[in-house]
Every structure is written in C-alpha cells, then in structure tokens.
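Q: Quick one, what's the 3D model for this:
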Amino acid sequence: MLTYLLGFLILLTIVVFIHEYGHYYFARKYGVGVTVFSVGFGQELFGYTDKHGTRWKFSAIPFGGYVKFFGDHNIFSDFNRDELRKKYNEEEQKKLLAFKPLYQRNLIAFGGPFANFILAFVILLFFNMFVGKDFTPPKISEIEKDGPAEIYGLKANDTLVEIDGYKVNSILDVSKFIMLSTDEFIDFVVLRNDIEYKLKVKPNIVPGTDGFGNPIKEKRMVGIRLAPQNIESINHVKLGPTKAAYYAVVEIAYVSKKTLVMVWGYIQKLWGKGFGDLSQLGGPIKIAEISGKAFGMGILPFIHLMVYISISLGLFNLFPIPLLDGGHIALNTIEGLRGKEFNKSTLELTFRIGMTLIISLMIFATFNDLSNNLHKITGYFGGFFN
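A: Residues are numbered from 1 along each chain as shown. Presented below is the predicted three-dimensional model:
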C-alpha cells in the first residue's frame, strides 16, 4: 500500500506540476497575472511569494494542483467580462485573462496539455539516447497448435514486418500492437524466405493480464511466441538526437491515436456497439496500483509509465468538455466566431453539463476501481484487523 501511494504521489505531482507550469508559462508570457501556483489542494503547508506576486506553495491534499490567475474567483471568471469591467480598472484589466486576445487565451489553455506532450517527448528522447531503443528482430520462434496464427497461416521463423500498418521495429512492439488493435482481424506483413506475405489473423479474445499483472477481461491472443535466437541477437541501440527525436514523436503519435480510438470505442459501446472493455476504464485507484507496481520494478519502468500518463492527461484535457482546457478553447473559439460574449445563464448551463459529464466519468471509473480491486481491499483490511 505504501509503495502504491508513494509511486502514485510522485508520478501525479510531476505530471500535474508540468501541466500547470504550461498554463503558467503562457500566462506570464502574455502578461496575465498569476496569483497562486499550488501543488496539491487545501491548506497551505509551506511556500513563498516570488517577485511577480505569485504564491508558490505545497498544500495538504497532494492529489493534483492548480494555477490561479488574477481576478479568477470561480469557473465563470474568464467569461463574465461585464462584472470584471465593474470591478477592475483599465490598468488591472490588462492582467486579466478574460481581456486577452482569442489566440492568447487559447494558447494559455493549450499550454497545460502541450507541456504534458513535451514531458513525454523529453523522457522518450533521453530514453532513446542514453538507455537505448530495442531493435531485436521480431522473429516468431513458436506457433501455438490450432491457435489463430497457425489457422491463418503464420509460421515459425517468420519475421514480423508490420502489424495493422505499423512498422514493427522490435519484439517489444508486437504485444503492444496486438493488444491495442481494434478490428476483428489483425493485418500482418511477414518476411518468409526473403519474400513478404500479407496475412489477416482473427485473434482469440480471452481473459488475461496486462504487463503489470492486472486482470483483463478481453485480451487479444494470436498464439505466437517471440524470443531472440541468442544473447548476441539482442539489439539495444543508443540513438543520436535526430533518430531519438523521430522515434519519440512516432511513439507519442501512436499512443495518442490509439487512445482516441479506444475512447471512441468506449463511447460507441455505451449505445450497444463499439469495442473495448469498459471495466478496464479506471480512475485514481487503478493509476495508483499501476504506478506503485512500476515504482517497485525500478526507476526506468516508472519513468516510462510517466510518459503514457502524461500523454493521457494531455489528451483528456483537450476534450471539448466545459471545465477542461479543451472546453475553454472551444468556448473561446465559438465566442470569437460569434463576435459576441456569452451571457451568464448560457455559461452556467454549459458548465453544469461539463460538471455532470466529468463527475459521471469519475463515479464510473471509481466504481470500476472498487469492483476490480474489492478482493485486494478486503484483504488489506482483513490483515489489518487480524
């Protein structure tokens, strides 16, 4: 439990700090007053005020953080310009986000998700340069008898070239591409006796576990085993800056695309179609569990996990849902296209819809967390009372 909590807090603090710093950076760049930069919520534990008047502080509840702009008193502050004009003089209005040009307001909102993508890029860049990227040839060493691979024509000693249109650079790519595929059939391109073959394989959907040992109700299996031929065939390469940056961008693009595809599948599944296992949609408990396991495995797996959490946070905040950064960008843009400010009743309705969507998602994710971990929770408390 302590390992899970410590790993979760370290990961969350870093990822959220970077996110909020993105907002802070663009706010300062365009002259918006920043009164508070808080790591955590609630009562301040300690902090200091810089020369620009920003209070940097650590707060008692270490789950998240926030940046507070000058004149920002509630979620409607950015849009209630009539009230702001009455309260602040012209000089003070220059420091208010609400009176900045459209592109500046949108860049300040976009700054948080952008910083998350930059964090992911920097981590992957350094991984590829100083730890190295695996290029071990993805050669099939064994085919499961009567499994999908054998039925649809894959053979031992085939080298996997592409899966679902994505180039396979190493054996590490194979399980990722198969697990994240969404179509009924998975497209394979294999190299056999120096000739390329294109094959379609329908995977078995079976219960299984992910890379951290967590149960999965719908795991795609094709029935192949990969292994390097010998220790000399393991090809771990430290890349130069250009190639390292290229593969970092490719990884971020792949994870982003697959995340959006899975989200769309989840949305469709709510109406009885689509794909994906909704029970795997987790919240803080699942993130804490995964981050704790990664933390226990060592610093490199933990930092690598930070990449995917950072990408997910950046993407989620770009969804055009009121209260999220993407919602602010959407409202700012619509207001700019209309050439007319929103009235307060419209804003209140919009933000209520956004609040309902976010709270519903949080409740659903927390319910999944509790359902999937009920046996562990009862075990912890049982051990405590015994």
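Q: only C-alpha atoms for contact and neighbour calcs from this point on.
A: Will do.
Q: nearest residue to Ile123 other than its sequence neighbours?
A: The spatial neighbour of Ile123 that comes closest, neighbours along the chain excluded (Cα to Cα, 6 or more residues apart in numbering), is Val307 at 6.9 Å.
Q: low-scoring stretches of the stretch 251-386 of the chain, by residue?
A: Applying pLDDT under 70 to the stretch 251-386 of the chain flags residues 272, 274-283, 369, 372-386.
Q: mind listing the helices for it?
A: Taking DSSP state H, counting those that start in this stretch as the criterion, the stretch 251-386 of the chain carries its helices at 284-297, 299-318, 325-338, 344-372, 374-385.
Q: What is the first one packed up against?
A: Put plainly, it is helix 284-297. Under the contact criterion of 3 or more Cα pairs under 8 Å, 6 or more residues apart in numbering; DSSP states H and E, helix 284-297 touches helix 2-29, helix 299-318, helix 344-372.
Q: Can you lay out those helices as JSON lines showing distance to Asn235?
A: What follows is the helices and strands packed on helix 284-297, written out as JSON lines (distance: least, Cα to Cα, whole Å):
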{"stretch": "helix 2-29", "distance to Asn235": "30"}
{"stretch": "helix 299-318", "distance to Asn235": "18"}
{"stretch": "helix 344-372", "distance to Asn235": "38"}
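Q: among those helices, which is nearest Val263?
A: Nearest to Val263, of all these, is helix 299-318, at 9.9 Å by Cα to Cα.
Q: Just the CA atoms of the closest one, as PDB, please.
A: The C-alpha trace of helix 299-318 is given here as PDB (Å, rounded to 0.1, in the frame of the first residue of the first chain):
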ATOM      1  CA  ILE A 299      13.200   3.800 -11.900                       C
ATOM      2  CA  LEU A 300      13.200   3.100 -15.600                       C
ATOM      3  CA  PRO A 301       9.800   1.400 -15.800                       C
ATOM      4  CA  PHE A 302       8.400   4.100 -13.500                       C
ATOM      5  CA  ILE A 303       9.700   6.900 -15.700                       C
ATOM      6  CA  HIS A 304       8.400   5.100 -18.800                       C
ATOM      7  CA  LEU A 305       5.000   4.900 -17.300                       C
ATOM      8  CA  MET A 306       5.100   8.600 -16.700                       C
ATOM      9  CA  VAL A 307       5.200   9.000 -20.500                       C
ATOM     10  CA  TYR A 308       1.900   7.300 -21.000                       C
ATOM     11  CA  ILE A 309       0.200   9.000 -18.000                       C
ATOM     12  CA  SER A 310       1.400  12.400 -19.300                       C
ATOM     13  CA  ILE A 311       0.100  11.800 -22.800                       C
ATOM     14  CA  SER A 312      -3.300  10.600 -21.400                       C
ATOM     15  CA  LEU A 313      -3.600  13.700 -19.200                       C
ATOM     16  CA  GLY A 314      -2.800  15.900 -22.100                       C
ATOM     17  CA  LEU A 315      -5.300  14.300 -24.400                       C
ATOM     18  CA  PHE A 316      -8.100  14.100 -21.800                       C
ATOM     19  CA  ASN A 317      -7.700  17.800 -21.100                       C
ATOM     20  CA  LEU A 318      -8.100  18.600 -24.800                       C
END
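Q: List the buried residues in that helix.
A: 302-303, 305-318 (16 or more other Cα atoms under 10 Å).
Q: Going by distance to Leu199, which of those residues wins?
A: Using Cα to Cα, Tyr308 comes nearest to Leu199 of the buried residues of helix 299-318, at 30.3 Å.
Q: measure Gln43 to His19 for me?
A: Gln43 sits 21 Å away from His19, going by Cα to Cα, to the nearest Å.
Q: between these two, which one's more packed in?
A: Neighbours per residue, other Cα atoms under 10 Å: of Gln43 and His19, the larger number sits with His19, 29 against 11.
Q: Not counting sequence-adjacent ones, nearest residue to the more buried one?
A: Gly112 (4.2 Å).
Q: And for Arg85?
A: Gln93 (7.5 Å).
Q: Now that that neighbour has come up, it's in contact with Phe99, right?
A: Yes - counting by Cα atoms under 8 Å, Phe99 is a contact partner of Gln93 at 6.7 Å.
Q: Which one's more surrounded, these two?
A: The neighbour comparison of Gln93 against Phe99 (other Cα under 10 Å) goes to Gln93, with 20 against 17.
Q: Let me see the contact set for that one.
A: 84-85, 99 (Cα atoms under 8 Å, 6 or more residues apart in numbering).
Q: sorry, back to before: the residue nearest to Ile123 and Arg55: what is the separation?
A: Going from Val307 to Arg55 by Cα to Cα gives 29 Å.
Q: can I get the helices of the stretch 251-386 of the chain in a markdown table with distance to Glu196?
A: Shown next, in a markdown table, are those (distance: least, Cα to Cα, whole Å):
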| stretch | distance to Glu196 |
| --- | --- |
| helix 284-297 | 38 |
| helix 299-318 | 33 |
| helix 325-338 | 44 |
| helix 344-372 | 43 |
| helix 374-385 | 48 |
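Q: Tell me which of those sits nearest to Pro138.
A: Nearest to Pro138 among those is helix 299-318; the distance by Cα to Cα comes to 21.4 Å.
Q: Provide the contact partners of the closest one at residue level.
A: Identification of contacts with helix 299-318 by Cα under 8 Å, 6+ apart yields 11, 15, 19, 110, 112-117, 119-121, 123-124, 252, 255-256, 259, 291, 294-295, 324-327.
Q: Off-centre distance for stretch 188-200?
A: Chain-centre distance of stretch 188-200: 33 Å, with Cα atoms, centre = their mean, to the nearest Å.
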